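Enquirer: Quick one, what's the 3D model for this:
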Amino acid sequence: MLTLSRASLFFAISCTGWAQTVLAQTNVTTYQYDATRAGANTSESILNKANVNTTGFGKLFSYGVDGFIYGQPLYVANVTVPGKGSHNVVYVATENDSVYAFDADSGTGGNSTPLWQVSFANSASVAPVPSGDTGCSQIAPEIGITSTPVIDTSTGTIYVVAMTRETSGGTTTYVQRLHALDLGTGGEKSGSPVTIQATYPGTGEGGSTLVFNPKNYKQRPGLLLLNGIVYTAWSSHCDIGKYHGWLIGYDAHSLQQVSVFNATPNGNMGSFWSGGAAPAADANGNIYLVAGNGSFDYAQGGPDLGEGYIKLSSSGKLAVADYFEPFNYADLNAGDLDTGSAGVALIGDEAGSAAHPHLMAGAGKEGRIYLLDRDNMGQLHAGSDSQIVQSIPGVIGGLFGNPAYFNHLLYFCGSGGFLTAYSLSNAQMSKVSQSSHQFGYPGCVPTISANGTSNDIVWALEPSVGLRAYDANDLSHELFDVTQNATRDAAGQTAKYAVPAVANGKVYVGTANSLAVYGLESPGSSAFAVANAASGDVGSIAPGALVSIYGSGLAAGTTTANTFPLPLTLGSASVSVGGISAPILYASPTQLNIQIPFEAASGATTITVSVNGNAALTTPVTIQSSAPGTFLLQQGAGAVVNQNQSINSSGQPAAAGSVISAYVTGLGAVSPAVSSGLPAPGSPLSRVVGDVTATIGNAPAQIQFSGLAPGFAGLYQVNIVVPTLAAGRYVLTVSVGAAISNISTIAVD
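Expert: Predicted coordinates:
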């Protein structure tokens, strides 16, 4: 059988966001959840189409901040804050050059103030830049931190770019700095901050080298963290003067500059702004950006790529790997209809075709949708865009920010138009639904929450209105509208192109002076769900399985078990299943992660949660002999490790005949038995008693081993031989007898 080292197994688990300490939670560490920028959190088990409504869902509380929040809020579970314990934390940055860390679950008592706040505008001589200094009022009244930061959970670091005006001895300078802050304290990490400076070969102004002038640029797109490099992308202030599109990379550990790219080194303009959307990246380390209006001569052998979609290789120095230039780029330039008003969404392989397996989608101010092949972007074709997969003109208003993609559906929300869904299959799009509400300028940036492939909801912000939610499969069905109960739910003005963040049953919305937190209204203590921790399926429970309990008042605080055996009381909470005490891995007021005791009998029973010895809730459940659930990564990919110990992905597929390890829970009884709350031994291995089978695509797959993963409690490992299949993505299912797991996908080479 395939044997994985304990270290590689822990890495595989923790890097997916479903480590035992934070089961069923997804950290939001970057713009639109991951580097695909597809905008889908597929691990949202609390919010669903039944409970997101004006009656049961609304604004819970808000935190005041000192300036406009332009970037998307970010979320990390179970952060230790010195002197304040463990918290689920939401992070925001403001145009007043401040970064805040707030408790993500409660705004009362000790959590009514920030867990920490850091300001880079710390005196009269160091301040945010007044918008008047730039001659541009697009961001007003001040410019400080504009972009969405990025978080590296492996090092506990949040990266932000801050702009300041600094006065000394009668001299005023403008400075852009990259800061690396500790997630728990807000303190600067070693080597932080670093002043952003750059040069690039080109004609320049009076010389052969272009020099980055910090006053002339704003750091609008979200940050990208890719393979240990933090990338910052730059745009102009109101297209004033001579400027360029810069992409500048810094080593995430040392903050030393390692790469620079300029989109128009021998021309002008071509800035990267994308309505705040961060550059996208694929599994092979390629970076995708869209340049605004600007010089273009690349087809004639020059270096300028204004108005184009650009693919950069990040191996070594940044280098152009491919591009697409719209046939009418000159007209777009003349009419200020730049393609670079929005970024791109990378599409899952399930929507592609044999000819075009790797897709991405975007649109610009013209309102033309582009569907591109990432392997052959099309470059320039005179007279039409017939060389690309699809080019659909005039179907949406001008797009700002980003489209979103989930489960064969693409979502666009153009200025002055409707939120619209297009089905995408076999590399072809067709419109399937739209909202009844018509959005004004500048439209909206859709973001999606889902539980696997179910309960998918599209969320959107309208700057002068607020939060809306729609059934992702039928956009004519509006689930929630902030105007329906404006007295309770109004949050205030939001920034152009703003995106809410959805995490762990809450929706976080940045405004002009606050962070508003939306969630389920929950008077008293009540259970919302008891769900399989891997699949998120409510009621999918078996002896030995890991499950999550969602509700309110579930614990006195937030804490994580860090020793074996797992405790029976954590955060003053205890859980019994049919009268049997359950081991607890994680406790917070809104979520408990537990192991169903192996001793629990199949059939109808009750789960009781007690806090400080007093029963807080009791809920009926049915325990099945087996209830398999496969842990999921982003976009429904299975949590699977290849034979070479890499995590399975499109960039790292499994070879036919190789052995993969899928990580699941709920496979039921094992032999030899392992006590609840204890880690499974490496010898002898505890194997599943029931008949475990698996399929990849429609093909049965040989099982080499199915049992408890050594060193973990409640986590099962299934080693599967990959059948001979054509290269592509395939559905993986794991079954125990007649009980079938949720659907996940794997990549096969």
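
Enquirer: can you tell me the helix or strand for residue 337?
Expert: Under DSSP states H and E, no helix or strand contains residue 337.

Enquirer: And it, how far from residue 307?
Expert: Counting by Cβ to Cβ, to the nearest Å, the gap between residue 337 and residue 307 amounts to 9 Å. Placement of C-beta: from N, CA and C, glycine included.

Enquirer: now residue 749
Expert: Going from residue 749 to residue 307 by Cβ to Cβ gives 36 Å.

Enquirer: one step back: so between residue 337 and residue 307, which is more surrounded?
Expert: residue 307 (28 against 20; other Cβ atoms under 10 Å).

Enquirer: so who does the residue lying closest to the more buried one once chain neighbours are set aside touch?
Expert: In space, residue 307 comes closest to residue 329 once its chain neighbours are excluded; the distance is 4.3 Å by Cβ to Cβ, 6 or more residues apart in numbering. Residue 329 makes contact with 296, 306-308, 380 under the criterion Cβ atoms under 8 Å, 6 or more residues apart in numbering.

Enquirer: next one: residue 580
Expert: Taking Cβ under 8 Å, 6+ apart, we find residue 580 in contact with 597, 599-600.

Enquirer: Count the residues that sit near the residue nearest to residue 736 when sequence neighbours are not counted.
Expert: Distances taken as Cβ to Cβ, 6+ apart put residue 626 closest to residue 736, at 3.8 Å, once the chain neighbours are dropped. Neighbour count of residue 626, defined by other Cβ under 10 Å: 25.

Enquirer: I'd like the numbering to begin with 31 instead of 1 from here.
Expert: Yep, numbering from 31; the last one is residue 656 now.

Enquirer: where's residue 656 relative to residue 106, distance?
Expert: Counting by Cβ to Cβ, the gap from residue 656 to residue 106 is 33 Å.

Enquirer: same check, this time on residue 463
Expert: Residue 463 is 34 Å from residue 106, where distance means Cβ to Cβ.

Enquirer: more neighbours, these two?
Expert: Under the criterion of other Cβ under 10 Å, the comparison of residue 463 against residue 106 puts residue 106 first, with 25 against 20.

Enquirer: Check which helix or strand the more buried one maps to.
Expert: Taking DSSP H and E as the criterion, residue 106 maps to strand 104-111.

Enquirer: Residue 488 too?
Expert: Assessed by DSSP H and E, residue 488 sits inside strand 484-492.

Enquirer: Report the two of the contacts of residue 359 separated the most.
Expert: Pairwise distances among the contacts of residue 359 were taken by Cβ to Cβ; the largest, 12.4 Å, belongs to 336 and 410.

Enquirer: thinking again about what came up before, tell me the mean pLDDT over the strand holding residue 106?
Expert: The average pLDDT within strand 104-111 is 94.

Enquirer: Not counting its own residues, what contacts it?
Expert: 51-52, 55, 57-60, 116-122, 131, 134, 145-146, 178-181, 183, 186, 188, 213-215, 531, 533-534, 538, 588, 590, 616.

Enquirer: Outside of stretch 503-516 itself, list whatever touches it.
Expert: In contact with stretch 503-516 (Cβ under 8 Å, 6+ apart) are residues 79, 82-84, 87-88, 439, 448-451, 463-467, 486-488, 495-501, 519-521.

Enquirer: Now restrict these to buried residues only.
Expert: Neighbour-count burial (16 or more other Cβ atoms under 10 Å) applied to these gives 79, 82-84, 87-88, 439, 448-451, 463-465, 467, 486-488, 495-501, 519, 521.

Enquirer: If you rank every helix and strand of this structure by mean pLDDT, what lands last?
Expert: The helix or strand of the chain with the poorest confidence is helix 36-44; it has a mean of 37 (mean pLDDT, DSSP states H and E).

Enquirer: ok, residue 361 - how many residues close by?
Expert: Residue 361 has 11 nearby residues by other Cβ under 10 Å.

Enquirer: Specify the local secondary structure of it.
Expert: The three-state label given to residue 361 by DSSP: H, G, I helix; E, B strand; the rest coil is helix.

Enquirer: cool, residue 163 as well?
Expert: helix.

Enquirer: Apart from its neighbours in sequence, what residue is nearest it?
Expert: Per Cβ to Cβ, 6+ apart, closest to residue 163 is residue 195, 6.5 Å.

Enquirer: What of residue 448?
Expert: With Cβ to Cβ, 6+ apart, the residue lying closest to residue 448 is residue 464, at 4.2 Å.

Enquirer: try residue 379
Expert: Of all residues not flanking residue 379 in the chain, residue 759 sits nearest, at 4.3 Å (Cβ to Cβ, 6+ apart).

Enquirer: quick one, what contacts the one you found?
Expert: 378-380, 680, 775-778.

Enquirer: Look up how far residue 707 lies from residue 486.
Expert: From residue 486 to residue 707 the distance is 35 Å (Cβ to Cβ).

Enquirer: Output the below-cut-off pLDDT ranges for this protein.
Expert: Low-confidence segments of the chain (pLDDT under 70): 31-55, 233-237, 552-558, 664-665.

Enquirer: residue boundaries of the helices in it?
Expert: Assigned by DSSP state H, the chain shows helices spanning 36-44, 161-164, 359-364, 516-519.

Enquirer: my guess is residue 565 contacts residue 660, does it?
Expert: Yes: judged on Cβ atoms under 8 Å, residue 565 makes contact with residue 660 at a distance of 6.6 Å.

Enquirer: Check the contact lists of the two and give me the overlap.
Expert: With contacts defined as Cβ under 8 Å, 6+ apart, the residues shared by residue 565 and residue 660 are 771-772.

Enquirer: Looking at the two, which has the bigger crowd around it?
Expert: residue 660 (29 against 26).

Enquirer: For that one, give me its contacts.
Expert: If you count contacts by Cβ under 8 Å, 6+ apart, residue 660 has them with 564-565, 668-669, 692-694, 762-764, 771-772, 774.

Enquirer: Any chance of CSV for these, columns distance to residue 173?
Expert: Converted to CSV, the contacts of residue 660 look like this (distance: Cβ to Cβ, whole Å):
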residue, distance to residue 173
564, 44
565, 45
668, 43
669, 41
692, 48
693, 45
694, 49
762, 48
763, 51
764, 52
771, 50
772, 46
774, 44
